[in-house]
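Novice: pasting the sequence and the predicted model now:
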Amino acid sequence: MKVFRKLILFGLLFILSINLYSQTSLKAKKLLDDVSLKMSNYNNYEFTFKYMLENSQENIRQESNGKIFVSGSKYRLTTTDVSQLFDGKDLYTIIPENEEVLITSPDQNDDIIVNPTTLIEVYKSGYDFHWDILQNVRGDNIQYIKLIPSEESLDIKYILLGINLKTKNIYRLIEIGRQRTTTTLTIENFIVNKKIPIEFFYFNKADYPEYYIN
């Protein structure tokens, strides 16, 4: 009889844990959907960012700052070392140090750090999502959602997406790699719906007369 009661108790706890897990996942999905809908309704947006890559095992720590403008599938990104222009078809990577411009076709499967237009779409396929920690950053409540690859990834262990609960904008993205690499993207000075001329996202060869274009 005691064994039977224990089995019933275990079964009830198991069912309860499934319900809590489901509710948490649905709660996380609703917040992600709200953010995605809001950001997709912007005509355009821009933000400055801080980027950090760390690997304690390899004693690597890289930091950089930058700024990005996004309008639909187009974007213009500037960092200390390089600039990128994506006109919706071709990606232009401008490297002043080498006086070189590389023209490539971006991979839509690139991660968020590489392809910023996927910032609000990443969770929609290939990930399970769960409610995570809440942090207070300078008076703002930042709720983190953990995104775990549905299939085992060779590179990504999980992603933490920090969302400002007041503005419903993304504040921080933390990517935890399986090789002990942590990549952090912190978004600041988020501005939406500025008047941006259409040529802003297009490459003008005349602006780089001495550059090697490949």
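Specialist: On my side now, so go ahead.

Novice: look up which residues are beta-bridged to residue 186.
Specialist: Following DSSP bridges, residue 186 is listed with bridge partners residue 50, residue 172.

Novice: please name the residues that touch it.
Specialist: Counting by CB atoms under 8 Å, 6 or more residues apart in numbering, residue 186 touches 49, 50, 52, 171, 172. Where you see a C-beta, it was placed from the backbone N, CA and C, and this is true even at glycine.

Novice: ok, now with 7 Å
Specialist: Listed by CB atoms under 7 Å, 6 or more residues apart in numbering, the contact set of residue 186 reads 49, 50, 172.

Novice: residue 77 too?
Specialist: 66, 68, 83, 84, 116 are the contacts of residue 77 under CB under 7 Å, 6+ apart.

Novice: hmm, try it at 6 Å
Specialist: Residues in contact with residue 77 (CB atoms under 6 Å, 6 or more residues apart in numbering) are 68, 84.

Novice: A helix includes it, no?
Specialist: No. In this structure, residue 77 is strand, not part of a helix, as judged by DSSP: H, G, I helix; E, B strand; the rest coil.

Novice: where's it relative to residue 83, distance?
Specialist: Distance, residue 77 to residue 83, by CB to CB, to the nearest Å: 7 Å.

Novice: circling back: in a markdown table: the contacts of residue 186, plus neighbour count, pLDDT and distance to residue 190.
Specialist: Shown next, in a markdown table, are those (neighbours: other CB atoms under 10 Å; pLDDT from 0 to 100; distance: CB to CB, whole Å):
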| residue | neighbour count | pLDDT | distance to residue 190 |
| --- | --- | --- | --- |
| 49 | 22 | 89 | 10 |
| 50 | 14 | 91 | 13 |
| 172 | 20 | 91 | 12 |
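
Novice: now, which of the residues you listed sits nearest residue 26?
Specialist: residue 172 (23.0 Å; CB to CB).

Novice: that closest one against residue 162, yeah?
Specialist: Yes. With contact defined as CB atoms under 6 Å, residue 172 and residue 162 form a contacting pair (3.8 Å).

Novice: what comes up buried for stretch 130-139?
Specialist: Within stretch 130-139, the residues scored as buried using 16 or more other CB atoms under 10 Å are 130, 131, 132.

Novice: please export the C-alpha coordinates of it as CSV.
Specialist: Taking C-alpha atoms only, stretch 130-139 is exported to CSV below (Å, rounded to 0.1, in the frame of the first residue of the first chain):
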residue,chain,number,x,y,z
HIS,A,130,11.9,28.8,-21.1
TRP,A,131,11.3,31.6,-18.6
ASP,A,132,14.6,32.4,-16.9
ILE,A,133,15.9,35.0,-14.4
LEU,A,134,14.7,38.6,-13.9
GLN,A,135,17.3,41.3,-13.5
ASN,A,136,17.0,45.0,-12.6
VAL,A,137,19.3,47.1,-14.7
ARG,A,138,19.4,50.8,-13.9
GLY,A,139,15.7,50.7,-12.8
